[in-house]
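Student: Return atomic coordinates for the entry below.
(2 chains)
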Amino acid sequence: MNAVTTSVATSIAARPALLALSEVSRTYRLGQTTVQALRSVSFNVKPGEMVAVWGPSGSGKSTLLNILGLIDTPDAGQLLFDGADVATLKDDALADLRNRKVGFVFQAFNLVPVFSALENVMLPLHVMGVAPAEAMSRAATWLERVGLAAFKHHRPDRLSGGQRQRVAIARALVTKPSLVIADEPTANLDSENSAMVLDLLWEMSRSEHVTCLFASHDPRLIERAERLVLLRDGVIVEDRVPGTKQQWRPQ
Amino acid sequence: MSSARHTLAFAARNLLRNRRRTLVTLVSIAFGFTSLALFAGYTKNTYLGLRNQAVYGELLGHLTISRRGLAEEGRLHPEKYLLSADDIGRIAAKVKETEPQAKFAPRLGVNGLISNGRVSTIFIAEGVAPEDMRDLRGPLVNASGMLDASKSGGITVAQGLAAILGLKDGDDSSLLASTLRGQANALDAQIVDTFSTGNAGTNDKFMFMPLEQARALYDAAGRADRLTVVLPDVERTNQERDRVAAALAPLGMDLEVKTWVDLSAFYRQVKNLFDMIFTFLFSIVLAISVMALANVIGMNVVERTREIGALRSLGMRRAGIQRLFITEAFLMAVIGCVMGFFLTLALRYGINAADITYIPPNSTNRVPLTVGLNLPLMGVVVLLLGSLGALAAWLPARRAARAPIIEALGHV
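Tutor: Numbering: from 1, shown residues only, chains lettered A, B, ... in the order given. Sure, this is the predicted structure:
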């Protein structure tokens, strides 16, 4: 473990948890089969942490991120988001919380095809009710930050995969969220674009002091994380600082 | 406000995604709207023509004042229902007081036999003073059938009646009728003009004669069976009927005031028939348009399930998703109607320019087929199509909004 990582870890450890997952389970039915995606998972994330969740396919990575990103609900257990029990929130309140506090970067980008890059980045601000002029100015600034100022009027079908993911990153960060969820953000990209997107995601989340949760198989992404959570069969089997055997925080 | 504007802009963009599908839906709505608008425009002109024919052609005026029960028992007990000269004066004064711009005329209906000296046939005549007839004829003052004030024994007869007796302008005829007291009375009359009633049921028996001649034939000097009133504004007929009836009540003469619609059974029958056809047509167009919209929105929802998941994960509320799809349906309905409006204008111009004529059922004359513009009704059609289209989109939109986000995001 290097000195920078240790210092970040020390300062983060002192903060109250942004996400507190306690004994969370999640089961799906796939036809006749019942799949236990998460089994009594307890897990805390402090503000500013950059956590990589990894593990084999079907280990429950996406389910964990979906629950933490408030787009799925556990069957059992409790999730506190910034101290609030999300189970007590109605659907509209959850939507508002996602809009204000959570940014998503999807594997398939999920941009709106009829909108330009600029309009896609403006979208969460529109949902938030930000005035159009201000939304446009903020979105343009973010597109500039991700290096797409020249492409702001291009629609997604006229952008490369890497450019689309950069638009998605700008869209995820434009609302100044507390948390960014990135589920396999480089899975659909070639190695050059993957590297670029990873650099960008890391830089942006660090400069904005945003908590980042990644699910990935990409070793380059895992290398950059400040904390590694290994899932297997719906259970956290390892939670440590990368490059060491030191447990990040015993559960 | 900005949210509503954004939803509208978003919905408008979404209509361009599958252009062919959107275009087919818009065209089907536009054709439906056009068929309704053309039919409504045709009926509007037809109603207007029938109204003018009833009010000015048949001299029904806008209001008719008589003793209560005249239509039912006037022939059995004429003495009881006739108005005296004094009654006519009092009624006229009250009408003038209520509506100073109204024009009115005493009338006397007579029937009997008309003969050319060799052959006789029945007639139904309306007695009206020639100078009053000019007022009652309104815009049709130059039409055929006008009485001539300079010829006291001059009558105008319907073309069918003239044809039966082989009469033409300037010919003499004899009129035979029962007087008020049941005695036979005969008078000579000269044909001063012929006209068409436009109705096969009356064209072989109807005629106009000067009021004084009718009084002489009926032996009812100075009397009339009713007063016909022409108002300055036909649209206020019902209100004026109530006002005039209220003003006449203190006279204690047990009078009734009827409108031209009450008296023109033909107008009511045609209007009821056309209104029924329009309702039927409207129901079909509405059903087809609403089903087309529901189908398109349903397909859009399925195709955009993944995007709906993404929008929900960005924080759009369920209501926002529903609003988006409902706005798309509403926009399609309105744009389809606007396209239909312009198509209506073009077809209307073509139909009116083509000078098409036809003979309506039970009619004696060819009439021009013209199409008017019924703008208020078009407005109602737009509103109804828009709201029902939005309602039809509500169900698939609700289904889209309630789908679990992770299932939507995983949709292929």
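Student: Pull the contacting residues for the spatially closest residue to A:A225 that is not a sequence neighbour.
Tutor: Using Cβ to Cβ, 6 or more residues apart in numbering or on different chains and skipping residues adjacent in sequence, the residue nearest A:A225 is A:A52, 3.4 Å away. The C-beta positions use only the backbone N, C-alpha and C, and glycine is treated the same way. When contacts are counted by Cβ atoms under 8 Å, 6 or more residues apart in numbering or on different chains, A:A52 is found next to A:F214, A:A215, A:S216, A:L221, A:I222, A:R224, A:A225, A:R227, A:L228, A:V229, A:P242.
Student: Where does A:A52 sit: helix, strand or coil?
Tutor: strand (DSSP: H, G, I helix; E, B strand; the rest coil).
Student: Tell me the spacing between it and A:L221.
Tutor: Here the criterion is Cβ to Cβ, to the nearest Å. By it, A:A52 lies 6 Å from A:L221.
Student: Okay, strands next: where are they in chain B?
Tutor: Counting by DSSP state E, one finds strands in chain B at the ranges B:63-67, B:103-115, B:120-128, B:154-158, B:172-178, B:184-195, B:206-209, B:226-230, B:255-259, B:357-358, B:367-368.
Student: Next: the stretch 151-251 of chain A.
Tutor: A:179-183, A:211-215, A:227-232, A:235-240 (DSSP state E, counting those that start in this stretch).
Student: Could you tell me the per-residue confidence at the closest residue to A:E226 other than its chain neighbours?
Tutor: For A:E226, ignoring the flanking residues on the chain, the nearest one in space by Cβ to Cβ, 6+ apart is A:M50 at 4.6 Å. In this prediction, A:M50 carries a pLDDT score of 88.
Student: Tell me the one among the contacts of A:A52 nearest to chain B.
Tutor: Checking the contacts of A:A52 against chain B with Cβ to the nearest Cβ, the nearest one is A:A215 at 13.3 Å.
Student: who does that closest one bridge with?
Tutor: Assessed by DSSP bridges, A:A215 has beta-bridge partners A:V53, A:D183.
Student: Around chain A, pick out the residues from the stretch 201-350 of chain B.
Tutor: Near chain A, the residues belonging to the stretch 201-350 of chain B are B:306-307, B:309-320 when assessed by Cβ under 8 Å from any Cβ of the partner chain.
Student: Determine which two of these are furthest apart.
Tutor: With Cβ to Cβ as the measure, no two of those lie farther apart than B:R306 and B:A319, at 20.1 Å.
Student: what about the longest helix in chain A?
Tutor: Longest helix in chain A by number of residues, with DSSP state H as the criterion: helix A:191-207.
Student: Check which residues of it are buried.
Tutor: The neighbour-count criterion (16 or more other Cβ atoms under 10 Å in any protein chain shown) identifies A:N193, A:S194, A:A195, A:M196, A:V197, A:L198, A:L200, A:L201, A:W202, A:M204, A:S205 as the buried residues of helix A:191-207.
Student: now swap in stretch B:267-275 and tell me
Tutor: For stretch B:267-275, the neighbour count (16+ other Cβ under 10 Å) marks B:Y267, B:V270, B:K271, B:F274 as buried.
Student: now do stretch A:109-128
Tutor: Judged by neighbour count (16+ other Cβ under 10 Å), stretch A:109-128 contains these buried residues: A:109-112, A:114-128.
Student: ok, now which ones touch the closest residue to A:S194 other than its chain neighbours?
Tutor: The spatially closest residue to A:S194, leaving aside those adjacent along the chain, is A:T186, at 3.8 Å (Cβ to Cβ, 6+ apart). Counting by Cβ under 8 Å, 6+ apart, A:T186 touches A:Q165, A:N193, A:S194, A:V197, A:L198, A:S216, A:D218, A:L221.
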